[in-house]
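prediction below, plus the sequence it came from.
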Amino acid sequence: MYKKIYVAATSQHVGKTTSTLGLTAAIQQSGVNVGYSKPVGQKFVDLGDLQVDKDALLFSKVMGF
């Protein structure tokens, strides 16, 4: 099994986050400990005193990170 998977595309709004969420869920369900990193975000949400990338927050909630 691969230790790292990198998802990229040549443009925005083409399904990278959705695909990554599906891959992460499938790998996690197979019993593998999964992590997620999004180094550069486009949109942020306010979370108390913090600004958090919206996709990182999505993964945190959906995947239980």
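That came in fine, so what should we check first?

and Gln52, what element?
Not Gln; residue 52 is Val. In this structure, Val52 sits in strand 50-53 according to DSSP states H and E.

err, Ala25, not the other one
Going by DSSP H and E, Ala25 is part of helix 16-29.

next SSE after that helix?
strand 44-47.

direction included, what does that next one pair against?
strand 50-53 (antiparallel) (DSSP bridges).

from the contact counts, what lies against the helix holding Ala25?
Judged by 3 or more Cβ pairs under 8 Å, 6 or more residues apart in numbering; DSSP states H and E, helix 16-29 is in contact with helix 54-63. The way it works is simple: take the backbone N, C-alpha and C, and place the C-beta from them, glycine included.

show me which positions of the helix it packs on end up buried.
Within helix 54-63, the residues that count as buried by 16 or more other Cβ atoms under 10 Å are Asp55, Ala56, Leu57, Leu58, Phe59.

give the rounded mean pLDDT of stretch 14-34.
Stretch 14-34 shows a mean pLDDT of 88.
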